[in-house]
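Student: need coordinates for the below:
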Amino acid sequence: MEKKSFIGYLKITLLVIYVLSLGLFIWKGNFLGISMGIFGIATVIILGYINKRMPNLVDRNLFVVLNLFVFFASLLGSSFNFYDIPHYDDFLHVWSGFIAVAAGFSILRALNPTTKFTPLFTIVFLIMFSLGVGATWEIVEFFMDTFAHTNMQVGGLLDTMIDMVDGLVGTIAMVIILWIKKDIRS
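Tutor: From the prediction side, this is the model:
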């Protein structure tokens, strides 16, 4: 009998949590919670399928960080009101740095599977890619606040800059993790 992989355990754990949460939200009539539960289940299934069929596009790192981000942001943040916890948004922006680096690394390898990039190029690319993703998200928040009258940038410019610094911290941490794992150096 084959040992279950980390991804397999993560899938099962997240699906159980989402299904139990979905039951709770249905019982309470919480439409936002129901939609976030369904979104979480769909995310686990879709990313699991892509990871299995196209591991160069959604590798193990990207599968893990994306699923955990959806869990932290959608289920815990939106449905269980974790955004009310001080600095929870900062935690998610740090985590978004992990996601952007994992996504950039997957894209780099998927588009150039036979090319060996130098570690310096890879590091610079990943940092620039991640900062670009973070800046794009802050632009989206600005336009949502301006045209849809949301309140995503609660603290204005200060909130934007703190979010971008948080993303940079996550970016640097993920680059270091990839370096330690020798993913960048190989």
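Student: please enumerate the helices of the protein.
Tutor: If DSSP state H is used as the criterion, the helices of the chain fall at 6-28, 31-53, 60-70, 88-111, 119-147, 156-180.
Student: any low-confidence regions in this structure?
Tutor: The chain contains residues with pLDDT under 70 at 1-4, 185-186.
Student: any idea how far Leu62 is from Ala100?
Tutor: Separation of Leu62 from Ala100 (Cβ to Cβ, to the nearest Å): 10 Å. For every residue, glycine as well, the C-beta is placed using N, CA and C.
Student: who touches stretch 104-115?
Tutor: 54, 56-59, 61-62, 117, 122, 125-126, 129-130, 133, 178, 183 (Cβ atoms under 8 Å, 6 or more residues apart in numbering).
Student: out of those residues, which are buried?
Tutor: Buried by 16 or more other Cβ atoms under 10 Å: 58-59, 61-62, 122, 125-126, 129-130, 133, 178, out of the contacts of stretch 104-115.
Student: wait, what's in contact with Phe98?
Tutor: By Cβ under 8 Å, 6+ apart, Phe98 lies in contact with 65, 170-171, 173-174.
Student: hang on, the earlier thing: ok, which of the helices of the chain comes nearest Ser78?
Tutor: When the helices of the chain are compared by Cβ to Cβ, helix 31-53 sits nearest Ser78, at 5.6 Å.
Student: pull out the buried residues from the closest one.
Tutor: Those buried within helix 31-53 under the rule 16+ other Cβ under 10 Å are 33-34, 36-37, 39-41, 43-44, 47-48, 51.
Student: pick out the most distant pair among the contacts of stretch 104-115.
Tutor: Met54 and Ser130 (21.9 Å).
Student: so how far is stretch 146-159 from its chain's centroid?
Tutor: Distance, stretch centre to chain centre, for stretch 146-159: 21 Å (Cα atoms, centre = their mean, to the nearest Å).
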